[in-house]
Every structure is written in structure tokens, then in C-alpha cells.
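1. structure here, sequence nowhere to be found:
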């Protein structure tokens, strides 16, 4: 599991050798990939207590004329009355520091029955 996690982190160009603490959404988080003040690096943020993903910062390479594009996905409100620890209260996608999408969780149904055939591999 650790090897898979490291492979996934590296596929996002996050440097797993740089780890620090930072605050996000009112909680202490592990910041993997850069120091808190270095916003020009790919980053993975994990809640310190639950290890849930709270933020992912990805850098897409640019051309000679363009600078790299930054995509920042923020998972906000873990532990809310709506989603509990199963789903964040909202998910925001920021592109080059501009909000481009916000999804809000209005309700979560637990113990819902699913058709088992939906999960079969052909």
C-alpha cells in the first residue's frame, strides 16, 4: 500500500521527501511536496488526524510562451453534519487562483442497496 501511495504521489509530480505541517480549512495537515510558503510546487495535503485528502495542487507544464498552469482541488468541510467523515461538505477546483467549480454536498444516504451487477468486471 505504501509503494502504491508513493507511486501515486510521484505521478502528480509531488516530491515525497519534503514534508511539513500547515493549516488548511481550520485543521492541521501534512503538507507533502513543498514548504507552506512555496506555492510554485505540486503539493498533497492530508489531514493530520484522519489522513483524509484536504487539498491537491497540480502544476501542468506550459510552453515557452506560457507559464505552468496551476490546478488546486480543495476538499472542504470533512466531518460536517452532512457528509461526516465519508464525504467533504464541498469540493472546489481553482485554476490559476480563480475558482472554476464548486460542488456542495446537500445530503448523503448511508447503507443504500446497489445492484451487484453494476460492479462486475466483464
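-> All right, it came through fine. Computed from a predicted structure; not experimentally measured.
2. so which strand or helix has residue 17?
-> For residue 17, there is no helix or strand it lies in under DSSP states H and E.
3. shaky segments in the protein?
-> 62-63, 122 (pLDDT under 70).
4. for it, what spans make up the helices?
-> Using DSSP state H, the helices of the chain run over 2-11.
5. and the strands in it?
-> In the chain, strands defined by DSSP state E lie at 19-24, 27-32, 43-47, 53-60, 69-76, 90-95, 98-104, listed in chain order.
6. of all the ones you listed, which one is nearest residue 11?
-> strand 53-60 (10.2 Å; C-beta to C-beta). Yep, even glycine has a C-beta here, placed from its N, CA and C like the rest.
7. residues making contact with the closest one?
-> 12-13, 24-25, 27, 29, 33, 39-47, 68-76, 78 (C-beta atoms under 8 Å, 6 or more residues apart in numbering).
8. emit the ChimeraX select command for whichever of those are buried.
-> Of the contacts of strand 53-60, the buried ones can be selected in ChimeraX as follows, counting by 16 or more other C-beta atoms under 10 Å:
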select :24,25,27,29,33,41,42,43,44,45,46,47,70,72,74,75,76,78
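9. what bridges to the nearest residue to residue 95 once chain neighbours are set aside?
-> Nearest residue to residue 95, sequence neighbours excluded (C-beta to C-beta, 6 or more residues apart in numbering): residue 71, at 5.6 Å. Using DSSP bridges, the beta-bridge partners of residue 71 come out as residue 58, residue 95.
10. and residue 46, by the same measure?
-> residue 30, residue 53.
11. identify the residues contacting it.
-> Applying C-beta under 8 Å, 6+ apart, the residues near residue 46 are 29, 30, 32, 52, 53, 54.
12. which among those residues count as buried?
-> 29, 32, 52, 53, 54.
13. turn the strands of the chain into CSV, including distance to residue 112.
-> As requested, the strands of the chain are exported to CSV (distance: least, C-beta to C-beta, whole Å):
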stretch, distance to residue 112
strand 19-24, 30
strand 27-32, 29
strand 43-47, 26
strand 53-60, 23
strand 69-76, 22
strand 90-95, 20
strand 98-104, 19
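14. thank you, goodbye.
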